[in-house]
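K.L.:
my questions concern the predicted model and sequence given below.
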Amino acid sequence: MSSNLLLGKPVAEKHYSLMKKRILELKNKGIVPKLVVILIGNNPASRIYVNSKAKMFKNLNCLSEIKKLDERVSKKNLLKLIEELNNNKNVHGILLQLPLPKHLDSNDFLSKINPMKDVDGFHPENSGLLFQGNPRFIPCTPLGCVKILEHYKIDIKSKYIVVIGRSNIVGKPITSLLSQPFKFGNATVTLCHSHTTNLSSYTKLADIIISAVGKPSLIKNDMVKNGCIILDVGINRINDSSDKGYHIVGDVDFPSVVEKASYISPVPGGIGPMTISMLVHNTILAAELSTK
Ligand code: NAP
């Protein structure tokens, strides 16, 4: 079987063109959507993500600002900055770039971001709304996964989906999202994690596998059934002798699994572009909600 690639870039582009109309409508009301990203320390991967987010906002004539804080910033000063941004009417979205340095616990801060500006959807109020089936801000990567499946006309109703990884960022919200009785929902979802025994006994039965772990070659050819659909969310840096010194792979052993899958998202070029586009979507939504 030869797989169809679930490419994120064309889907993200389609969504950007839909967003342009919304941005214009806001502009007519004197509002320019603005995201502020709080970036702590010098994590190279975080810097790359933050810069690519900023570039996208600029391309769409939206505003973004990066607040760079020292690696050793105190809890008190970080809370003070969040409070200032919460009270700033010109800021619609606040994103705390994770991971944080070891001395800071993300839960102490994510719950302090104004839930109406929580464009990552990690505030307990927004997680709760999603869990109850009445979402406001859906976390960007899970929403991006839904949009890519929708675009490629992959119906998930009554399908068996195995999600691997149970983070608050990807695994848990996507499990909730796909199993809700939404128009694009009604799947039967199993959530696997590092304590799941015999992972392949689940993946072999899955119509759709979503892997969000961060382990190269976790999913191999003999773990998937013929014709299954795979969303590879994982991002893993592999050192090599190229000029850059590394290349990026997902969680799936792509060369072997591509033989069996009917659809598969590549890494890079699959879910990554969708995550950024959904961040822009959520920021526009936050700006729209601020007018109500
Ligand atoms: P995370 O918080 O580190 O969570 C990883 C999850 O994987 C945990 O739930 C862990 O289980 C589980 N796990 C670890 N080893 C496992 C194994 N052998 N079998 C089954 N489950 C296992 O990670 P995250 O923040 O969700 O990110 C996951 C991956 O997605 C990373 O590579 C990250 O870079 C990538 N990512 C990509 C995007 C994108 O836009 N493409 C966005 C976000 C994240 P326990 O809970 O038991 O420890």
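P.N.:
Now that the structure is in, tell me what you want to look at.
K.L.:
the worst-scoring helix or strand of the chain on mean pLDDT packs against which elements?
P.N.:
Every helix and strand of the chain was ranked by mean pLDDT, DSSP states H and E. The lowest is helix 44-59, at a mean of 91. If contacts are counted by 3 or more C-beta pairs under 8 Å, 6 or more residues apart in numbering; DSSP states H and E, helix 44-59 sits against strand 34-40, strand 63-69, helix 271-290. C-beta coordinates here come from the backbone N, C-alpha and C atoms, glycine included.
K.L.:
tell me if that helix is near the ligand.
P.N.:
No - contact of helix 44-59 with the ligand (C-beta under 6 Å from any ligand atom) is absent, the minimum separation being 7.9 Å.
K.L.:
run the chain-centre distance for that helix.
P.N.:
What separates the centre of helix 44-59 from the centre of its chain is 14 Å, taken as C-alpha atoms, centre = their mean, to the nearest Å.
K.L.:
can I get the helices and strands packed on helix 44-59 in TSV with mean neighbour count?
P.N.:
Shown next, in TSV, are the helices and strands packed on helix 44-59 (neighbours: other C-beta atoms under 10 Å):
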stretch	mean neighbour count
strand 34-40	22
strand 63-69	16
helix 271-290	23
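K.L.:
nearest to residue 135 among the ones you listed would be which one?
P.N.:
Closest approach to residue 135 among these (C-beta to C-beta): helix 271-290, 10.6 Å.
K.L.:
who wins for proximity to the ligand among the helices and strands packed on helix 44-59?
P.N.:
Closest approach to the ligand among the helices and strands packed on helix 44-59 (C-beta to the nearest ligand atom): helix 271-290, 3.4 Å.
K.L.:
run a quick neighbour tally on the closest residue to residue 41 other than its chain neighbours.
P.N.:
Nearest non-adjacent residue to residue 41, counting by C-beta to C-beta, 6 or more residues apart in numbering: residue 71, 3.8 Å away. Neighbourhood size, residue 71 [other C-beta atoms under 10 Å]: 12.
K.L.:
got a list of what residue 71 touches?
P.N.:
Residue 71 makes contact with 40, 41, 42, 101 under the criterion C-beta atoms under 8 Å, 6 or more residues apart in numbering.
K.L.:
for the last one, give me phi and psi.
P.N.:
Residue 101 has phi and psi values of phi -60, psi 160 when expressed as degrees, to the nearest 10.
K.L.:
so where's the stretch 51-200 of the chain uncertain?
P.N.:
Judged by pLDDT under 70, the stretch 51-200 of the chain has no weakly predicted residues.
K.L.:
quick one: name the residues of it near the ligand.
P.N.:
141, 164-167, 169-171, 192-196, 199.
K.L.:
and these, which are buried?
P.N.:
Neighbour-count burial (16 or more other C-beta atoms under 10 Å) applied to these gives 141, 164, 165, 166, 167, 169, 170, 171, 192, 199.
K.L.:
could I get the residues you listed as a markdown table with distance to residue 241?
P.N.:
Compiled in a markdown table, these are given as follows (distance: C-beta to C-beta, whole Å):
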| residue | distance to residue 241 |
| --- | --- |
| 141 | 31 |
| 164 | 31 |
| 165 | 30 |
| 166 | 36 |
| 167 | 32 |
| 169 | 32 |
| 170 | 31 |
| 171 | 34 |
| 192 | 35 |
| 199 | 32 |
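K.L.:
with secondary structure added, can I get those residues in TSV?
P.N.:
Shown next, in TSV, are those (DSSP: H, G, I helix; E, B strand; the rest coil):
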residue	secondary structure
141	helix
164	strand
165	coil
166	coil
167	coil
169	coil
170	coil
171	helix
192	strand
199	helix
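K.L.:
re earlier: can you tell me the SS state at the residue nearest to residue 41?
P.N.:
coil.
K.L.:
from the ligand, how far off is it?
P.N.:
Using C-beta to the nearest ligand atom, to the nearest Å, residue 71 is found at 20 Å from the ligand.
K.L.:
so which of the helices and strands packed on helix 44-59 is nearest residue 18?
P.N.:
Proximity to residue 18 (C-beta to C-beta) singles out helix 271-290 among these, at 8.7 Å.
K.L.:
now the angle from the closest one to strand 34-40?
P.N.:
Counting by axes from the mean of the first three to the mean of the last three C-alpha atoms, to 10 degrees, helix 271-290 lies at 120 degrees to strand 34-40.
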